[in-house]
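K.L.:
Compute the structure for the input listed below.
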Amino acid sequence: QVQLVESGGGLVQPGGSLRLSCAASGFTFSNYAMSWYRQAPGKERELLARSTTTGGSYYYTDSVKGRFTISRDNAKNTVYLQMNSLKPEDTAVYYCHCAISGRSYWGQGTQVTVSS
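P.N.:
Model (predicted):
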């Protein structure tokens with residue numbers, strides 16, 4: 001079955017960096033675009049970035065442009081989100097996502113807290 005497992009979250013000071021990873025299994029990873037979302041308390045889940053099947057990015061939401069970078073390693077079935085210049089408003093649970101045959105799959109999420 002499809003599984004997505006995020007890791008790499010944690011507590012970081014403003015201006016710091018984190019790299020999130022999402023390990024995928026149960027499907028042919030290289031055939032599907034992958035995305036990162038986040039959900040802050042009391043807010044809707046928002047799309048942050050989307051990667052093409054070959055690793056190019058074709059979407060970033062405005063709030064993370066120039067600070068976050070999505071990438072993937074198809075040999076490792078893993079998608080990454082490099083997050084730099086983190087701000088307190090980046091605090092949220094971060095999720096990876098893929099859509100296969102019209103069905104959405106989500107990981108369990110990883111908490112990112114940006115605070116001094």
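K.L.:
Now do the same contact list for His78.
P.N.:
Not His; residue 78 is Thr. 21-24, 72 (CB atoms under 8 Å, 6 or more residues apart in numbering). Glycine gets a C-beta too; all of them are placed from N, C-alpha and C.
K.L.:
ok, and the most crowded of the residues you listed?
P.N.:
Cys22 (25 neighbours; other CB atoms under 10 Å).
K.L.:
Just confirm that one is within a strand.
P.N.:
Yes. Applying DSSP: H, G, I helix; E, B strand; the rest coil, one finds Cys22 inside a strand.
K.L.:
you'd agree Tyr58 is up against Ala49?
P.N.:
No. Judged on CB atoms under 8 Å, Tyr58 makes no contact with Ala49 at a distance of 9.0 Å.
K.L.:
So which of the two has more stuff around it?
P.N.:
Ala49 (21 against 10).
K.L.:
Quick check: next helix or strand after whichever strand or helix holds that one?
P.N.:
In the assignment (DSSP states H and E), Ala49 maps to strand 46-51. Using DSSP H and E, the helix or strand that directly follows strand 46-51 along the chain is strand 57-60.
K.L.:
From the chain's centroid, how far away is that next one?
P.N.:
12 Å (CA atoms, centre = their mean, to the nearest Å).
K.L.:
Now for the nearest residue to Gln39 once chain neighbours are set aside: which residues touch it?
P.N.:
Spatial nearest neighbour of Gln39, excluding adjacent residues (CB to CB, 6 or more residues apart in numbering): Arg45 at 4.2 Å. By CB under 8 Å, 6+ apart, Arg45 lies in contact with 37-39, 95.
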